[in-house]
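Trainee: From the sequence below, what's the structure:
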Amino acid sequence: MPRSHKEIEGVQPVLRSLKLLEALNAAGTATLARLHAETGLPKPTLVRLLDTMISAGYVRRLSRTTGYSLTERVLRLSSGLRHTDLVVEASRPFLSGLTAEHKWPVALATLDHEAMLVRISTRHESPFSTDPDWLNRRLAMLVSALGRAYLAFCPEEERRLILAVLRNSKAAMNAQARDEKYVSSMLAAIRKRGYATTAPMRGDPAMGLAVPVVEGEKVTACITMRYLGSTMNEAQAAERYLIPMQRAASSIAAAHARLVSAA
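Mentor: This next block holds a predicted model:
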């Protein structure tokens, strides 16, 4: 039986809300202008929907320049999401705090099979960001500072399995995994100094300094600060930022554990 015009009108706000949630989920953070471009919805409509979602606890307003983002409450909409997804919400204030204090962009990534998946970034909050938007992009384990940090500090059996997958990969970005002596030496050096750095890449002026977010023996995620190599060398970057990064990682781990317990 065809639905009446009144029934169709009644469904429209729900459809608009879902469209808005999808756009925010894909963007991570988005301004009103970007949401208008992504959804095609009028700005007054978007403002009403956003205000409603903020009141309900599903969306937060970050700032005029950064815009809006989802909160951990959206996890209640899907029972299939893992508890590790809560680490993104747990990390938000600490990543923003690092960027507010030190100005460089910071990102968090979690393991995604044989790569690191960037889950959240403060690039829009940093005045010095030169990187493209890596949100929801997968980064090579042995090239990125995030991947190197994960491999260096994760449990030995997990590291062995990941490296086995990388060695069997045909992707050029994983070719280094076949040099087991090099990989072993590199990861040992990372563990000794407490942080990982990005492999030098031609044409990329930015370097990453990454540390793990550790809970017990497990690495839940890794965070990286991206700085311009022309402004300081690795030793200088570590001297300035390693301790603040490690403190933030410890705070994220504690906040994540609390969220998991409450979920």
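Trainee: Longest helix in the chain, please.
Mentor: Secondary structure of the chain read by DSSP state H shows that its longest helix is helix 234-262.
Trainee: Let's see the pLDDT reported for residue 86.
Mentor: Here, the pLDDT recorded for residue 86 equals 87.
Trainee: Residue 136 now?
Mentor: The predicted local distance difference test score for residue 136 is 84.
Trainee: May I have the phi/psi pair for it?
Mentor: phi 60, psi 20 (degrees, to the nearest 10).
Trainee: Tally up the residues packed near it, please.
Mentor: When neighbours are defined as other Cβ atoms under 10 Å, residue 136 has 14 of them. Every C-beta, even on glycine, is put in place using the N, C-alpha and C of the backbone.
Trainee: Isn't it up against residue 120?
Mentor: No: applying Cβ atoms under 8 Å, one finds residue 136 not in contact with residue 120, separated by 9.9 Å.
Trainee: sorry, back to before: the longest helix of the chain packs against which elements?
Mentor: Helix 234-262 makes packing contacts with helix 86-102, strand 206-215, strand 218-228 when contacts are defined by 3 or more Cβ pairs under 8 Å, 6 or more residues apart in numbering; DSSP states H and E.
Trainee: As CSV, those with distance to residue 26 would be great.
Mentor: Compiled in CSV, these are given as follows (distance: least, Cβ to Cβ, whole Å):
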stretch, distance to residue 26
helix 86-102, 14
strand 206-215, 24
strand 218-228, 20
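Trainee: Confirm that residue 139 sits in a strand.
Mentor: Yes: counting by DSSP: H, G, I helix; E, B strand; the rest coil, one finds residue 139 located in a strand.
Trainee: ok, it - contacts?
Mentor: Residue 139 makes contact with 109, 115, 116, 117, 118, 146, 147 under the criterion Cβ atoms under 8 Å, 6 or more residues apart in numbering.
Trainee: How many residues are close by the last one?
Mentor: Just to be clear, that refers to residue 147. As a burial measure, the neighbour count of residue 147 was computed by other Cβ under 10 Å and equals 28.
Trainee: shared neighbours of residue 136 and residue 120, anything?
Mentor: Between them, residue 136 and residue 120 share the contacting residues residue 28, judged by Cβ under 8 Å, 6+ apart.
Trainee: So which of the contacts of residue 139 sit within helices?
Mentor: Residues from the contacts of residue 139 lying in helices, with DSSP H as the criterion: 146, 147.
Trainee: which among the contacts of residue 139 gets closest to residue 232?
Mentor: Checking the contacts of residue 139 against residue 232 by Cβ to Cβ gives residue 146 as the nearest, at 19.7 Å.
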